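[1] here's my sequence, what's the structure:
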Amino acid sequence: MNNSPRIRMAMGCTLLVTALGASVTSCGGSGHPLSAKPYDAAGEISFSGESGSKKTDPDKPIEITSEGDEARITDVTATDQIGRYVVGELSADGTRWHSTAPLAADAHYTVHVSTEDDEGSPGRKVLTFDTGHPKKNKSLKVTFGPEAGKYGVGQPVTAELSAAVKDKAARAVVERALKVDSQPAVAGSWTWVDDKTLHFRPEEYWPAGATVEAHSTLDGIKVGDRLWGGASKPLRLTIGDRIEAVTDAGSHSMTVYRNGRVINTIPVTTGKPGFETRNGVKVVLGKERFVRMRSTSIGIAEGSSDSYDMPVYFATRVTWSGEYVHAAPWSTGSQGYANVSHGCTGMSTSNAEWFFNTVRTGDIVKVINSNGAQMDPFGNGFGDWNLSWKNWEKGSAVQAAATENGGHSTVQAARLSPEV
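    Modelled structure (predicted):
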């Protein structure tokens, strides 16, 4: 809540401290003591919501006003039965507070109102009300991803919505309700991939050994016209060691790091001219001990000089379109010397088996010094880390709203065919 505190000036006040204790007197020795017990401000407060058995309409904002000129509202705190706060705004003169965020449906709210009279005496009023059931015909549910388990430091958290959300204000409502917490704590942000998909990542990779939990407080919250939030299942991930594989297409080698220390250097071959491997950061999507790779699946005509149809072992997938790190025993003579593949990173069978057994989903595979295109941030795997933090935050509806208001906020496929 954006409350405008009332500033009072006191002159000639004296604090008297004795050897037996301390006492506080007001200015001139008379008036209300600063430690006065708050009086009941019931007669000074007007509330727009319903009371008793009547239900407040969750579609409408609530408003609290001070009656007369003798008291001013200094603070309002409104929460529901599960601890969700209602964001609101207090006028500069302390005469009116109103909610600025949607209320939850079928919820019980408690509102604490603090006031102050002209003599500086504090007042207090506690209000309670219940919201009714909205007239709705669509529930917005959130599915968090990936599945619960252990992942690498590059794994984004994803949120798939059951319905499209296009309006900027509605997106901000959804985003504020999607919570991601980690231990140790790191700052992060959601970005909208499309109308039904969000990704969350920190500014840097997740800390090794972190625990990441995602949950939604959207249940019962109005998102937009005839669209209300539904219940969602929370998600818990654990993060493993920081494993990074850096492939230098220019020197035909891969260096693998664990927590910043080199654990292996492997001779490789990457994409030849016309089939150059994508540059940039990719995230391991999964591992397949055996894959049958066919050139026709990527548009190469059967029988042409570039066609292939072969069994491939120890294949670690990094794009949905079929880029892998895999065993390529047919090209061992070129590994470490030349790029001869159709876009994948090839290595000997023993090295591919070691790599396969070392990495897990969510680990980092980075390609440098290739003549290929840059890895797409979205749509072909998790290229999220190829966006600068500044550009990542631009995809946040909450950050956009803060920018528009002049403020500052602190602080995700179909499997296609392989490319050999």
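
[2] show me the shaky parts of this structure.
    Along the chain, the model assigns pLDDT under 70 to residues 1-36, 39-43, 51-52, 68-70, 134-137, 294-309, 404-420.

[3] how does it look with 50?
    Within the chain, the stretches with pLDDT under 50 are 1-34, 408-418.

[4] show me where this protein has its helices.
    For the chain, applying DSSP state H gives helices covering 168-177, 349-358, 389-394, 397-404.

[5] what's the closest of those to residue 210?
    helix 389-394 (18.2 Å; CB to CB). Where you see a C-beta, it was placed from the backbone N, CA and C, and this is true even at glycine.

[6] can you point out the buried residues in the closest one?
    By 16 or more other CB atoms under 10 Å, the buried positions in helix 389-394 come out as 392, 393.

[7] and the helices of the chain as JSON lines, adding distance to residue 141?
    Formatted as JSON lines, these follow (distance: least, CB to CB, whole Å):
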{"stretch": "helix 168-177", "distance to residue 141": "11"}
{"stretch": "helix 349-358", "distance to residue 141": "36"}
{"stretch": "helix 389-394", "distance to residue 141": "25"}
{"stretch": "helix 397-404", "distance to residue 141": "18"}
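
[8] right, so these: which one is the most enclosed?
    helix 168-177 (a mean of 19; mean count of other CB atoms under 10 Å).

[9] chain center to that one: distance?
    Taking CA atoms, centre = their mean, to the nearest Å, one finds helix 168-177 lying 12 Å from the centre of the chain it belongs to.

[10] ok, stretch 167-176 next?
    For stretch 167-176, the distance to the chain centre is 13 Å (CA atoms, centre = their mean).

[11] what of stretch 186-206?
    5 Å.

[12] give me the nearest residue to residue 401, chain neighbours excluded.
    Excluding its sequence neighbours, the residue lying closest to residue 401 (CB to CB, 6 or more residues apart in numbering) is residue 172, at 4.9 Å.

[13] residues in contact with that neighbour?
    Neighbour list for residue 172: 397, 398, 400, 401 [criterion: CB atoms under 8 Å, 6 or more residues apart in numbering].

[14] wait, what's in contact with the last one?
    Taking CB under 8 Å, 6+ apart, we find residue 401 in contact with 168, 169, 172.

[15] for the stretch 101-250 of the chain, which segments count as strands?
    With strands called from DSSP state E, counting those that start in this stretch, the stretch 101-250 of the chain shows them at 108-117, 122-130, 139-140, 142-145, 149-151, 157-161, 178-183, 188-194, 197-202, 211-216, 222-224, 227-229, 235-239, 243-248.

[16] a markdown table for the ones you listed, including distance to residue 362?
    Formatted as a markdown table, these follow (distance: least, CB to CB, whole Å):
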| stretch | distance to residue 362 |
| --- | --- |
| strand 108-117 | 40 |
| strand 122-130 | 44 |
| strand 139-140 | 27 |
| strand 142-145 | 12 |
| strand 149-151 | 3 |
| strand 157-161 | 11 |
| strand 178-183 | 14 |
| strand 188-194 | 15 |
| strand 197-202 | 11 |
| strand 211-216 | 11 |
| strand 222-224 | 30 |
| strand 227-229 | 28 |
| strand 235-239 | 8 |
| strand 243-248 | 9 |
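
[17] for residue 390, find the nearest of the ones you listed.
    Set against residue 390 and scored by CB to CB, these come closest in strand 188-194, at 10.8 Å.
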